[in-house]
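[1] What follows is a predicted structure for the sequence shown.
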Amino acid sequence: MNPDPFVEPINRATEAGTAVVTFAADSPNSKRVSYVTSDNAREGRVAAQQVAEDMGGSGQYAVLENPGQDNHDRRVAAFIEEMEDNYPDMELVGRASTGQDPNKAYQAVLSLAQANPELGAVFMPEASSAMGAAQAAKEAGGDIRVMSVDVNASVLDMIQAGEMFGAINPNQGTQGYYGFLLLWLAKHPELIDPMNDHAEAGFNPMGIPVLDNGYSVVTQENAESFYWDKYLKKRGTRGIEG
């Protein structure tokens, strides 16, 4: 979650001959060879667009956040920036730190709704807070659009039930798949011979600074496609039946 403490062990592993690929959250100042991620800034911007368009470009919104985790901070910053740049009639009326705690999110949304009776939406950069936020929004009358990044089974259930507005889902399956492929290629650099000075300079020719694994906008209409257990069952994954 904090990139700096990982620099030394990643560098130590690299110097010992073990290639390192990061995913979701990066350690950019380390010697990792690749970083697989969704574009956190784009996720925040798209989430803002979804909310603002549904509100007709005008109204009050709030954000829940998890300060200090780089990818979460990027999502929140991009969400607010998109609102300020392109939806000037959308007003930010509150921010609350929940630390990914559903109970804190529940209390925060109740307080925000009480202080701002016209609150129309609340955004958070992760799924855990969404569960508490959606419950609070329901108790507050159900008029607050709850939008998160990331999903879990509970979040998908709430989206399908109309208790959450939606979510931005980074393509975790692609993230894991590409992450494994990049690790394999990093382990076998002899298979790659690009037109550069890798041989003379002594660096791994596989290096890909950032690979974008993409994202999906999850709504009531398509939420069924994102359940992990159903996906594994469809693929015939061994052990899924217990």
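    Structure's in. What do you need? Numbering: from 1, shown residues only.
[2] Could you pull out the buried residues of stretch 88-98?
    90, 91, 93, 94, 96, 98 (16 or more other C-beta atoms under 10 Å). Every C-beta, even on glycine, is put in place using the N, C-alpha and C of the backbone.
[3] State whether the fifth one is indeed within a strand.
    Spelled out, it's residue 96. Yes. Applying DSSP: H, G, I helix; E, B strand; the rest coil, one finds residue 96 inside a strand.
[4] Quick check: bridge partners of it?
    residue 64 (DSSP bridges).
[5] can I assume it is in contact with residue 66?
    No. Here residue 96 does not reach residue 66: they are 10.6 Å apart, not a contact under C-beta atoms under 8 Å.
[6] In CSV: the buried residues of stretch 88-98, plus distance to residue 139 and pLDDT.
    CSV is the format used below for these (distance: C-beta to C-beta, whole Å; pLDDT from 0 to 100):
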residue, distance to residue 139, pLDDT
90, 24, 98
91, 23, 98
93, 19, 98
94, 17, 98
96, 17, 98
98, 17, 97
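[7] Now residue 61. Nearest residue, chain neighbours left out?
    residue 121 (4.2 Å; C-beta to C-beta, 6 or more residues apart in numbering).
[8] For the helix or strand where that neighbour lies, buried residues please.
    Here residue 121, judged by DSSP states H and E, is contained in strand 119-124. For strand 119-124, the neighbour count (16+ other C-beta under 10 Å) marks 119, 120, 121, 122, 123, 124 as buried.
[9] before we move on, what about stretch 185-198?
    Result for stretch 185-198 [16+ other C-beta under 10 Å]: buried residues 185, 186, 189, 198.
[10] what do you get for stretch 77-87?
    For stretch 77-87, by 16+ other C-beta under 10 Å, it's 77, 78, 79, 80, 82, 83, 87.
[11] again, but for stretch 34-53
    34-52.
[12] Which of the residues you listed fall in helices?
    Members of the buried residues of stretch 34-53 lying in helices (criterion: DSSP state H): 40-52.
[13] which residues in the protein form strands?
    Counting by DSSP state E, one finds strands in the chain at the ranges 21-23, 34-37, 59-65, 90-97, 119-124, 145-149, 166-170, 208-212, 215-218.
[14] which outside residues touch the fifth one?
    So the one you mean is strand 119-124. Residues external to strand 119-124 that are found in contact with it (C-beta atoms under 8 Å, 6 or more residues apart in numbering): 47-48, 51, 55, 59-65, 76, 79, 93-94, 98, 105, 109, 112-113, 130, 133, 137, 143-149, 165.
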